[in-house]
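In: what shape does this take:
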Amino acid sequence: MTAELFARLAIYSTQLGVALLLSYLLWHFSRIYRQSYIQSWFFAFIAFSVYQLGILIRRDGMANLILDTGFNIIVVAASYGFAVFLLRGMTQTRSSLISISRQLTTNRLVIGSLLVGILTVVPFVIFDDLANWRRYFQSDLRLFLMGVLLLVAALSLWHQLEKSLGQRLSVVTMLIWGGLYISFSVWMMFSPELGIFAEYFFAFKCFELLLICSMGLALLIWLQEHERNNNMQLTKKTLYLDKHDQLTGALNRDALLLQLDSQIQLQEGKPVHLLMLGLDKFKTVNESVGIKQGDKILRLLVERFSSSIIKPVLIARTGGDIFALVIKDINNDKQLQFTLDHITQLVEKNFVLDTGILQLSCSVGFSSYPEHASTADALLQKANIAFHQAKRIQNSWLAYQPGMEDETTRLICWENDIFYAMEQSQFVLYFQPQLCLKQNKLDGFEVLVRWQHPSKGLLMPGQFLPYVEQLGLSRKLDVWILQQAIKTIQRWQQQSIFIPLAVNMSPLHFQQEGLKAKIQQFLLQYQVPPQMLELEITENTAMQDMEVGSNHVMELQQMGIRLSIDDFGTGYSSLSYLRQMPIDKIKIDRSFIAEMADNDSDMMIVKTMIKLAHGLGKRILAEGVETKNQLELLRSLDCDSIQGYFYAKPLSEQDALAFYAKCSNTG
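Out: Numbering: from 1, shown residues only. A predicted model of the protein is given here:
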């Protein structure tokens, strides 16, 4: 009897030691690889260790009934827990079974195992009549069900078996292990006197120990193979991303240059055309429909290029919304014209998005081998120059021409000069007075900008603002003008001059977030009340995105800032939108004022605009008033205010202050 007890202790202790060793190894690997399936296997062998430890500690007929019941529940729950956690870990390695593994959370499996343990043990403690069935449910049936779970796991993996030693060894081990549990449990069901077969029981436990070692080894091999495969896939992905754009799958710039050089060598002097294509106003589109929808547009565009009848030999994404297409097998200008038209049509074709249908346009610049350059790098450079030139002159496409570099160089010089002008305050503010017709007094000033260039003299807006827009510096210049205007209001307030200033806001700046915060910062910094500032936005800017535009206007009005629509009549406002837009003033564009005295149509339009504005509760101002006749006509039409050369030209700050003083004295 002592020898048998020693043998039992030896076999259970060995199984416990092996299970704990495997648990430690899996815990160590789980900290390194951070994979959920390793954690599941770790929990499985922890459960097996608890199962073995419970058997070692538990004794039949323990004096404390509660303690005995508790040990039995733990042993049964841990044995089931081993099987289910082992099964979950294997499902987590398969993408096809990932949805199942997500349902089998750790908490659910632990609670489920404990409930099974309680249901298997507690009824036999409460009801004495069930005592004869205790061994059947707590031992025989448990082993049988564990065997079934292991067989199910093995058979489910067998159908998706990969070329992996670890997986094959795991499946074979589970098949043998499941078969062992089922056969041994059936044998025990029909062997009421198990003690006389002690040698068979020890053989079973030794075989079980061998299977534990085999399963541990198989899982460790599986783990290493799985991580090696992941590393190989990661390496392949890295190599792919080294040559391709992650978002669209198109080539990146470096891969384009490399493959374009190869194409040039293969052509042996035959034409190769490099098209540089950029979407027009894509940043505005991206902000209006959202980044995800913008990304979808870029992916769809690459798909259109790839499946088109033109069949570019290379497609690359070289920038945010800029693509490069390499076209060959074009032998004459007519074919080239057809290609360019087809490419632009692919871009202009409607995009069906979650937010609705969207239509885009593009600009294309291209260069050709061997006409313009003989290397990929030079071709790309010249195509890029042609592209930016096409953008500047708003052409749908443009071929590279010698001398275009000079225009690019000139633009770079303008950029440097504009930055320097802002730093050195070479930009100066001019102020055009606005006359209130009803009270016949100065109503305010519109802020205009001039450039006091050190070598070119005083530059008008038309001489430098186009370059500001091309260089994307409109927002930066807006901020500079806004800050200078608010500083001017502060300076005038210190001289007891309280008159509002109206500042034009570029469409791009008004549509972007952060304008409200910047204005608040300046107003607080210079201690200027918001009522002294008016912002002018163009009609198209206000109406382009009604919801966003209304929100921006509402936020600014809540701060106390007045807003007006500039150049009214040149855009595409609907009356319902104009009624909803919370603006203070409408400015009639000068083009309607110029001919109103001699053109009945213009007169009727101006008259209608004034009535419309008053009907909507808005004030109205006429721009470009240059004659007394125009002034009197507008007064008779009940126009609220005017500005123009007849009343006063744009004035320097010194002259504006003198003009204000003169008006005050006259008043």
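In: by mean pLDDT, flag the weakest helix or strand of the chain.
Out: helix 539-544 (a mean of 54; mean pLDDT, DSSP states H and E).
In: residue 373 falls within a helix, correct?
Out: No - checked against DSSP: H, G, I helix; E, B strand; the rest coil, residue 373 lies outside a helix; its state is coil.
In: quick check: it touching residue 383?
Out: No - assessed by CB atoms under 8 Å, residue 373 is found out of contact with residue 383, at 9.1 Å. The C-beta positions use only the backbone N, C-alpha and C, and glycine is treated the same way.
In: counting neighbours, go ahead and name the busier of these two.
Out: residue 383 (27 against 19; other CB atoms under 10 Å).
In: what about that one, which SS state?
Out: Assignment for residue 383 (three-state DSSP): helix.
In: mind listing the helices for the stretch 251-400 of the chain?
Out: 253-267, 282-289, 291-307, 333-348, 376-393 (DSSP state H, counting those that start in this stretch).
In: deepest-packed of these, please.
Out: helix 376-393 (a mean of 20; mean count of other CB atoms under 10 Å).
In: any chance you could list what contacts it?
Out: 253, 256-258, 260-261, 264, 272, 274-278, 280, 318, 322, 324, 363-369, 372-373, 395-401, 404-405, 407-408, 411, 470 (CB atoms under 8 Å, 6 or more residues apart in numbering).
In: now, of the residues you listed, which are buried?
Out: Neighbour-count burial (16 or more other CB atoms under 10 Å) applied to these gives 256-257, 260, 264, 272, 274-278, 318, 322, 324, 363-369, 372-373, 396-400, 404, 411.
In: which of these fall within strands?
Out: Using DSSP state E, the subset of the buried ones among the contacts of helix 376-393 located in strands is 272, 274-278, 322, 324, 363-369, 397-399.
In: which secondary structure elements does the lengthiest helix in the chain sit against?
Out: Looking across the chain with DSSP state H, the single longest helix is helix 198-241. Judged by 3 or more CB pairs under 8 Å, 6 or more residues apart in numbering; DSSP states H and E, the packing partners of helix 198-241 are helix 2-33, helix 36-57, helix 165-189.
In: so which of these is nearest residue 452?
Out: Across those, residue 452 has its closest neighbour in helix 2-33 (65.6 Å, CB to CB).
In: hmm, back to that, taking helix 165-189 as reference, get the angle to the longest helix of the chain.
Out: 160 degrees (axes from the mean of the first three to the mean of the last three CA atoms, to 10 degrees).
In: SS state for residue 497?
Out: Secondary structure state of residue 497, per three-state DSSP, is coil.
In: nearest residue to it in space, please, no chain neighbours.
Out: For residue 497, ignoring the flanking residues on the chain, the nearest one in space by CB to CB, 6 or more residues apart in numbering is residue 660 at 6.2 Å.
In: count of neighbours near the nearest residue to residue 57 once chain neighbours are set aside?
Out: Using CB to CB, 6+ apart and skipping residues adjacent in sequence, the residue nearest residue 57 is residue 71, 6.7 Å away. When neighbours are defined as other CB under 10 Å, residue 71 has 19 of them.
In: the strand or helix carrying residue 71: how far from the chain's middle?
Out: Assigned by DSSP states H and E, residue 71 belongs to helix 65-91. Chain-centre distance of helix 65-91: 45 Å, with CA atoms, centre = their mean, to the nearest Å.
In: distance of residue 314 relative to residue 376?
Out: According to CB to CB, to the nearest Å, residue 314 stands 10 Å off from residue 376.
In: who touches both of the two?
Out: Joint contacts of residue 314 and residue 376 (CB under 8 Å, 6+ apart) are 256, 260.
In: quick check: residue 38 touching residue 30?
Out: Yes - contact status for residue 38 versus residue 30: in contact at 4.2 Å, counting by CB under 8 Å.
In: neighbour-wise, which of the two wins?
Out: Relative neighbour count places residue 38 above the other of residue 38 and residue 30, with 26 against 19, counting by other CB under 10 Å.
In: next one, pLDDT for that one please.
Out: Residue 38 carries a pLDDT value of 78.
In: dump the residue contacts of it.
Out: 26, 29-30, 89, 223.
In: which pair in the residues you listed spans the largest distance?
Out: Of all pairs in the contacts of residue 38, the most separated under CB to CB is 29 and 89 at 12.1 Å.
In: looking at the two, which one has more neighbours?
Out: Per other CB under 10 Å, whichever of residue 29 and residue 89 has more neighbours is residue 89, with 26 against 20.
In: do a quick rundown of the helices in the stretch 501-650 of the chain.
Out: Under the criterion DSSP H, counting those that start in this stretch, the stretch 501-650 of the chain contains helices at 507-511, 515-526, 539-544, 546-558, 575-580, 590-594, 600-615, 628-636.
In: so residue 432 is in which element?
Out: Counting by DSSP H and E, residue 432 is found in strand 427-436.
In: residues contacting that strand, please?
Out: Contacts for strand 427-436 (CB under 8 Å, 6+ apart): 421, 441-452, 477, 480-481, 484-485, 488, 501-502, 621, 640-643, 647-653, 656, 659, 663.
In: rerun that using 7 Å as the cut-off
Out: 421, 442-452, 480, 484-485, 488, 621, 640-643, 647-648, 650-653, 656, 659 (CB atoms under 7 Å, 6 or more residues apart in numbering).
In: hmm, which of those are the buried ones?
Out: When those are checked for burial by 16+ other CB under 10 Å, the buried set is 421, 442-451, 480, 484-485, 488, 621, 640-643, 647-648, 650-651, 656, 659.
In: in strands only, show me those residues.
Out: Short answer: the buried ones among the contacts of strand 427-436 in strands (DSSP E) are 442-451, 621, 641-642.
In: for residue 247, see how far away residue 307 is.
Out: Distance of residue 307 to residue 247, given as CB to CB: 18 Å.
In: now do residue 523
Out: In terms of CB to CB, residue 523 sits 40 Å off from residue 247.
In: number of nearby residues for residue 374?
Out: 11.
In: mind starting the numbering at 49 from now?
Out: Will do, 49 is the new start, and the previous item becomes residue 422.
In: OK, contacts around the closest residue to it other than its chain neighbours?
Out: Distance criterion CB to CB, 6+ apart; nearest residue to residue 422, sequence neighbours excluded, is residue 312 at 7.2 Å. Contact partners of residue 312, counting by CB under 7 Å, 6+ apart, are 320, 417, 424.
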